[in-house]
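In: Need a 3D model of the sequence below.
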Amino acid sequence: MISTYDPVAKLIHHRPANSCLLPLCSLHGAAVITVEGVGSIKTRIHPIQERLAKCNGSQCGFCTPGMVMSMYALLRNHAKPSMEQIISALDGNLCRCTGYRPIIDSYTSFAREPTCCQLRGTGQCCLDQEECVCSSSTGGQILSGLCNPEQFLPMDPTQEFIFPPELMRMAQEQQRTTLIFHGKRTTWISPPSLKKLLKLKAKYPKAPLVVGNTSVGILNAFCHHKDCASIFRPM
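Out: Numbering: from 1, shown residues only. Reported below is the predicted structural model:
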């Protein structure tokens with residue numbers, strides 16, 4: 001999870017990120033939390049990890065950390081997300097072992113609204129006959145057995161890592177500064193404003209504008225022009 005501070009809006013933004021696609025230069029001034037910083041097997045695992053495991057949503061091990069961090073970033077932004085927000089937060093994650101249904105079912109307990117069909121307006125769930133309990137207090141459809149909402153660790157946002165105050169001060173001091181990194185083959189420039197970005201783009205018209213960086217493999221394969229050595233990313 002990448003956390004950045006917006007000195008103009010005075011807000012902290014949390015975003016999940018694919019670490020293998022994330023340029024190091026883009027992390028200047030950002031706080032980074034990996035899955036190793038979420039919960040601990042020595043003290044206690046995080047509620048996100050616990051619910052995924054108890055509700056049979058864990059995978060081979062390669063996909064689970066991504067699911068955990070995507071949900072973690074969502075809950076840092078929205079303590080009580082909607083089901084639409086939960087599904088949207090996970091729709092960029094691949095899963096080839098478990099499938100998405102048990103993962104979605106695991107995280108419905110974080111949703112602010114019930115997800116059952118409310119059969120005929122009675123407040124009962126149409127899946128009750130299949131040993132499924134629908135609880136509006138937990139906000140979702142919870143499978144029976146190990147996936148018991150009463151056994152879940154509570155989610156306490158006050159126990160999460162705070163955004164480092166020194167990074168807030170840095171963001172305030174550098175909000176008008178153009179950040180430049182020089183390497184042997186690449187120059188990375190982060191302009192602080194759209195106006196400066198447009199000037200740089202006019203100066204280096206063939207330089208790629210990096211935002212999500214998911215095209216890094218394509219750039220390496222097809223970009224051989226000297227101007228490709230300059231990469232821009234708006235701060």
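
In: buried set for stretch 181-193?
Out: For stretch 181-193, burial by neighbour count (16 or more other C-beta atoms under 10 Å) applies to 188-191. Heads up, the C-betas are built off the backbone N, CA and C, glycines and all.

In: Equivalent analysis for stretch 76-88, please.
Out: Buried residues in stretch 76-88, counted by 16+ other C-beta under 10 Å: 76, 81, 83, 85-86.

In: And for stretch 5-13?
Out: Neighbour-count burial for stretch 5-13, counted by 16+ other C-beta under 10 Å, picks out 5, 12.

In: ok, back up a step: can you redo the buried residues of stretch 76-88 as CSV, where the extra columns are pLDDT, distance to D6 and secondary structure?
Out: Formatted as CSV, the buried residues of stretch 76-88 follow (pLDDT from 0 to 100; distance: C-beta to C-beta, whole Å; DSSP: H, G, I helix; E, B strand; the rest coil):
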residue, pLDDT, distance to D6, secondary structure
R76, 93, 15, helix
P81, 92, 21, coil
M83, 89, 28, helix
Q85, 93, 20, helix
I86, 92, 24, helix
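
In: Contacts only, for A89.
Out: Applying C-beta atoms under 8 Å, 6 or more residues apart in numbering to A89 gives the contacts 16, 70-71, 73-74, 81.

In: Show me how the protein divides into domains.
Out: Domain ranges of the chain: 2-32+163-232, 35-121+146-151, per the TED database.

In: so which of those domains comes closest to P157?
Out: Closest to P157 of those, according to C-beta to C-beta: domain 35-121+146-151, at 5.3 Å.

In: Which pair of the buried residues of stretch 76-88 spans the longest distance?
Out: Pairwise across the buried residues of stretch 76-88, and taking C-beta to C-beta, the largest span is found between R76 and M83, at 18.1 Å.

In: Closest to T108 out of the buried residues of stretch 181-193?
Out: Looking across the buried residues of stretch 181-193 and measuring by C-beta to C-beta, the closest to T108 is S190, at 38.9 Å.

In: Quickly note the distance from the closest residue to the closest one other than its chain neighbours to A171.
Out: Leaving aside its chain neighbours, S190 sits nearest to L179 (4.1 Å; criterion: C-beta to C-beta, 6 or more residues apart in numbering). Note on L179: its distance to A171, by C-beta to C-beta, to the nearest Å, is 12 Å.

In: Of these two, which one has the most company?
Out: A171 (20 against 16; other C-beta atoms under 10 Å).

In: how distant is the helix or strand containing the more buried one from the center of its chain?
Out: Taking DSSP states H and E as the definition, one finds A171 inside helix 165-173. The chain centroid and the centroid of helix 165-173 are separated by 22 Å under C-alpha atoms, centre = their mean, to the nearest Å.

In: Compute the number of surrounding residues for E173.
Out: Neighbours around E173, by other C-beta under 10 Å: 11.

In: hang on, the earlier thing: can you put the contacts of A89 in a markdown table and add distance to S40 and secondary structure?
Out: Formatted as a markdown table, these follow (distance: C-beta to C-beta, whole Å; DSSP: H, G, I helix; E, B strand; the rest coil):
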| residue | distance to S40 | secondary structure |
| --- | --- | --- |
| P16 | 20 | coil |
| S70 | 20 | helix |
| M71 | 17 | helix |
| A73 | 19 | helix |
| L74 | 21 | helix |
| P81 | 24 | coil |
